[in-house]
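A.B. asks: Test case, fold it:
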Amino acid sequence: MRRFHPADRPHMTDSVQLLGISNAIVDVLAHVDKGFLDTIGAEPGSMTLIDKDRAHEIYNQMGPATEMSGGSVANTVAGFANLGGSTAYIGKVRDDQLGRIFNHDMKSLGVDIRLEKAADGAPTARSHVLITSDGQRTMQTYLGACLELGLVDINEETIGAPKAILLEGYIWDIAEGPALARKAVDIARQNGTAVALSLSDSFCVERHRDSFEEFVRDGVDIVVADEDEVSALVQTRDFDDTLAALDGYSNLFAITRSEKGSVIVHGEERVVQAAAGVTDIVDTTGAGDAYCAGFLYGWANGQSLEKCAIYGTHCATQVIQQLGGRIEPGLLDGLESR
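C.D. replies: Have a look, this model is predicted:
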């Protein structure tokens, strides 16, 4: 499959640079002590799926919280918008309090929301992000309405002709997720749109590994993931072995490695980007999403892979020093002029 740069695409009327398609989740972030985790029976650092009743129970036990649009790709789209990029988003929310919060938050950033809120069905998804003093996050997540995203929501009108669409691996956990992703790619290809995939989670990759492998080889231009997720995809344990395995792929891979920085792989090209030194880690929520936003922003604006990696690192470094994964507007202003 041919890999292309934004400049290669034909002229289209849709001016949006990035369209995200993902699980629409409201992040409910709160600082807690480890005693609270013991009270609700949550393992520190874990992500647990919960039902509607449990979601209401935990919400009512939490103290003061910050509510904002979330979910992996939604975080990336919001960050991309705050960097100055043009964005759109497809995700399912209910017409309820949290659904209205999600849409209002995204629209306030200039994101074009391309699905109407559902009048019925499951409540809007939410993730209770419980942050302890060491910056570790423990998530209790109710998926709700986002599981009802389906093939009917993906069409020429909702997709349009952006420079790139960004899908997340968690979509494969939706009943129509794999078919939905394929349909989005088919429409994108007709319009000269590139396809990017965030692998989301190593356990998600392991659940759907064969499907991901086929999809990455046949439908994806850019893969953004951490080293554990890529290792799960290519079935290696050592990172050097992972890099060797990627010689068999033509995709552009942007691989984050936490304190070891990141590595960009595209064919025989390798770019190694060191991590920035950080002494005060407040919350690691959305660090990978922020890296993805910075990297794709650079790519969409014709920057070199080296510059894309710098942008991603700069964005991730900012968000781990604050509560929540939201990139501040204009974060790259100084870097872009260099």
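A.B. asks: list the contacts for C315?
C.D. replies: If a contact means C-beta atoms under 8 Å, 6 or more residues apart in numbering, then C315 has G79, L83, A290, Y291, A293, G294, I327, L331, L332 as its contacts. Bear in mind the C-beta positions are built from the backbone N, C-alpha and C, glycine included.
A.B. asks: Helices of this structure, residue ranges please.
C.D. replies: Taking DSSP state H as the test, the helices found in the chain are 34-40, 52-61, 72-82, 97-108, 156-159, 177-190, 202-207, 209-219, 227-234, 239-245, 287-300, 305-319, 333-336.
A.B. asks: got the ones you listed as JSON lines, with mean pLDDT and distance to I90 columns?
C.D. replies: Output for the helices of the chain, formatted as JSON lines (pLDDT from 0 to 100; distance: least, C-beta to C-beta, whole Å):
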{"stretch": "helix 34-40", "mean pLDDT": "95", "distance to I90": "32"}
{"stretch": "helix 52-61", "mean pLDDT": "94", "distance to I90": "23"}
{"stretch": "helix 72-82", "mean pLDDT": "96", "distance to I90": "10"}
{"stretch": "helix 97-108", "mean pLDDT": "96", "distance to I90": "11"}
{"stretch": "helix 156-159", "mean pLDDT": "94", "distance to I90": "6"}
{"stretch": "helix 177-190", "mean pLDDT": "95", "distance to I90": "8"}
{"stretch": "helix 202-207", "mean pLDDT": "92", "distance to I90": "19"}
{"stretch": "helix 209-219", "mean pLDDT": "95", "distance to I90": "17"}
{"stretch": "helix 227-234", "mean pLDDT": "96", "distance to I90": "23"}
{"stretch": "helix 239-245", "mean pLDDT": "96", "distance to I90": "31"}
{"stretch": "helix 287-300", "mean pLDDT": "96", "distance to I90": "17"}
{"stretch": "helix 305-319", "mean pLDDT": "95", "distance to I90": "23"}
{"stretch": "helix 333-336", "mean pLDDT": "74", "distance to I90": "28"}
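A.B. asks: To L149, which of those lies closest?
C.D. replies: Set against L149 and scored by C-beta to C-beta, those come closest in helix 177-190, at 6.8 Å.
A.B. asks: by contact count, what packs against that closest one?
C.D. replies: strand 18-21, helix 156-159, strand 164-168, strand 194-198, helix 209-219 (3 or more C-beta pairs under 8 Å, 6 or more residues apart in numbering; DSSP states H and E).
A.B. asks: Please identify the most buried of those.
C.D. replies: Mean neighbour count, computed with mean count of other C-beta atoms under 10 Å, is highest for strand 18-21 among the helices and strands packed on helix 177-190, reaching a mean of 28.
A.B. asks: That one: partners in the sheet, and parallel or antiparallel?
C.D. replies: Here strand 18-21 has these sheet partners by DSSP bridges: strand 87-90 (parallel), strand 164-168 (parallel).
A.B. asks: For A55, give me its contacts.
C.D. replies: R126, H128, Q140, Y142, G144.
A.B. asks: neighbours around the first one, how many?
C.D. replies: If I follow you right, that is R126. 27 (other C-beta atoms under 10 Å).
A.B. asks: E57 and A88, how far apart?
C.D. replies: 35 Å (C-beta to C-beta, to the nearest Å).
A.B. asks: of the two, who's got more company?
C.D. replies: The neighbour count for E57 versus A88, taken as other C-beta under 10 Å, is higher for A88 (24 against 13).
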